[in-house]
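In: have a look at this prediction, sequence included:
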Amino acid sequence: MFDVEKVREDFPILKRKIDGKPLVFLDSASTSQKPIQVINAIKEYYEMHNANPHRSLYKLCEEATELYENTRKKVAEFINAKHPEEIIFVRNTNEAMNLIAHSFALPKLHNPNEIILSVMEHHANIVPWQYVRDNNGASLKFIDIKKDGTLNLEQLNPNSNTKMVSLTNASNVLGTINPIKDIGKIAHENGSLFVVDGAQSVPHMPIDVQDIGCDFLAFSGHKMLAPMNIGVLYGRKELLEDMEPFMLGSDMIKEVTLEKATWNDVPWKFEAGTPNVEGAVGLSTAIDYLNDLGMDDVRKHEKEITAYALDKLSEIDGLKVYGPTAADMRGGVISFNLAGIHSHDLATILNDFGIAIRSGHHCCMPLMKRLGIPAAARASFYIYTTKYEIDALANALKRSKAVFSK
Ligand code: PLP
């Protein structure tokens, strides 16, 4: 039984006060807070097991290697990948997308090949493809959004030149959850690969890469209770085996002579240099934590909080919410603007109430332009978000409005 108060006890930071007021943390889409279990696992790693993995035969090195490689297996199970070798550790979603762009798209796609994206993408799923376009002549097509903030899938329409469709599973601004299984099917029927940006879905709902049928999935550990600088690129094994590495040096090498080098097997071929074992240890514990809660219940909790928040925010005159109106079509993210108050001003005032929200363009400048706004405020939720925090947000927004109308 999901008990949010019990969950909150595991997060030391949630006991913090901001200028004497209880912290109301509503910025989990940027990065999540960390439970004590993750913090302790990292501490124990440094107190007991720290060594550079894969490099020697002494006990600590074996332990560090085992911790690192066991996390790979755990991540594979978490997203139902067929093989642990399909899990490549990167720093974050941005790096995962760059890896696909440099190791797959740059060498393999050319004019007149096409990559399909959408206007709701985070810069992480736009800029690497613009680099590909500018360096190999492939073209980009952007699917628009409809009035309700869902994708206009009539524009998907891949043709024989479409070699890649890369879309977000859930928008970090609109909250929209895209029908990625259906989109993947359409992409594959036309011989295109399907890349999914899972930054805002993997932490929040059950994700099964075999069921979705995607070829690549990218996500970040820091948005799912783990530390920063550990992220994941899932890729189908046959594809990864056929790709050249993006970064070169140390662990990704099989043999070097003065003339040449040969590459290690997948996945290590893509992991140059000393890896982030501390991050992997944290990610492993984070996955245990989420599995103990159950990803179905995580999603259920966030849907309930989102529905409650949509309702509360709709009571505020002059407040405009972007994206779908129904909570079951959304992740736990609500972006909004309030009656002529710039979102940065709003975030500053809310900080005086101890409330942390994000403001700005959310690394989605093309989407801001499409919505015809310079910026938006955003409240985002996770396993520790409560209805009384949503009440605090709604009350503070009403008070902010009063301040500005004076
Ligand atoms: N994609 C989406 C949808 C996101 O929301 C984010 C971060 O907010 C990213 C990609 C980039 O994640 P990271 O900064 O961890 O690389």
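Out: Now that the structure is in, tell me what you want to look at. Numbers count the residues shown, from 1 in each chain.

In: just the pLDDT for the nearest residue to His123 once chain neighbours are set aside.
Out: Nearest-residue entry for His123: Cys363, 4.5 Å, with adjacent residues in sequence omitted and distances by Cβ to Cβ, 6 or more residues apart in numbering. All C-beta atoms are positioned from the backbone trio N, CA, C, and that covers glycine. For Cys363, the pLDDT comes out at 97.

In: where's Cys363, which helix or strand?
Out: Assigning secondary structure by DSSP states H and E places Cys363 outside every helix and strand.

In: so it sits right up against His122, yeah?
Out: Yes. Because the distance of 5.1 Å satisfies Cβ atoms under 8 Å, Cys363 is recorded as touching His122.

In: neighbour count for these two, which is higher?
Out: Between Cys363 and His122, counted using other Cβ atoms under 10 Å, the more crowded position is His122 (22 against 17).

In: and for Cys363 and His122, which residues touch both?
Out: Residues touching both Cys363 and His122 (Cβ atoms under 8 Å, 6 or more residues apart in numbering): Asn172.

In: so who does the residue nearest to His123 touch?
Out: Contacts of Cys363 by Cβ under 8 Å, 6+ apart are His122, His123, Ala124, Asn172.

In: one more: Ala392?
Out: Val24, Phe353, Gly354, Ile355.

In: now for the residues you listed, which pair is the farthest apart?
Out: Farthest apart among these by Cβ to Cβ are Val24 and Phe353. That separation is 7.4 Å.

In: average pLDDT across the helix or strand harbouring Gln37?
Out: Using DSSP H and E, Gln37 sits in helix 36-44. Mean pLDDT, helix 36-44: 98.

In: same for it, what does it pack against?
Out: helix 277-293 (3 or more Cβ pairs under 8 Å, 6 or more residues apart in numbering; DSSP states H and E).

In: between helix 277-293 and whatever helix or strand comes next after the helix it packs on, find me the angle.
Out: Later in the chain than helix 277-293, the nearest helix or strand by DSSP H and E is helix 295-314. Interaxial angle, helix 295-314 versus helix 277-293 (axes from the mean of the first three to the mean of the last three Cα atoms, to 10 degrees): 80 degrees.

In: list the buried ones in helix 295-314?
Out: Within helix 295-314, the residues that count as buried by 16 or more other Cβ atoms under 10 Å are 295, 298-299, 301-306, 308-310, 312-313.

In: for the protein, what spans make up the helices?
Out: 4-9, 36-44, 59-78, 93-100, 106-108, 127-136, 180-189, 209-212, 237-241, 277-293, 295-314, 343-352, 365-371, 387-404 (DSSP state H).

In: packing partners of the fourth one?
Out: Under the contact criterion of 3+ Cβ pairs under 8 Å, 6+ apart, the helices and strands touching helix 93-100 comprise strand 87-90, helix 127-136, strand 193-197, strand 216-220, strand 231-235.

In: in JSON lines, list these along with mean pLDDT and distance to the ligand.
Out: Shown next, in JSON lines, are these (pLDDT from 0 to 100; distance: least, Cβ to the nearest ligand atom, whole Å):
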{"stretch": "strand 87-90", "mean pLDDT": "98", "distance to the ligand": "9"}
{"stretch": "helix 127-136", "mean pLDDT": "97", "distance to the ligand": "11"}
{"stretch": "strand 193-197", "mean pLDDT": "98", "distance to the ligand": "5"}
{"stretch": "strand 216-220", "mean pLDDT": "98", "distance to the ligand": "3"}
{"stretch": "strand 231-235", "mean pLDDT": "98", "distance to the ligand": "6"}
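
In: for those, which one sits closest to Asp208?
Out: Nearest of the helices and strands packed on helix 93-100 (Cβ to Cβ): strand 216-220, 10.2 Å.

In: may I have the closest one as CSV, with CA atoms only?
Out: C-alpha atoms of strand 216-220 as CSV (Å, rounded to 0.1, in the frame of the first residue of the first chain):
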residue,chain,number,x,y,z
PHE,A,216,17.0,3.1,-28.3
LEU,A,217,15.8,4.6,-24.9
ALA,A,218,17.6,7.3,-23.0
PHE,A,219,17.1,8.3,-19.4
SER,A,220,18.9,10.0,-16.4
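
In: could you list the paired strands of it along with their orientation?
Out: strand 193-197 (parallel), strand 231-235 (antiparallel) (DSSP bridges).
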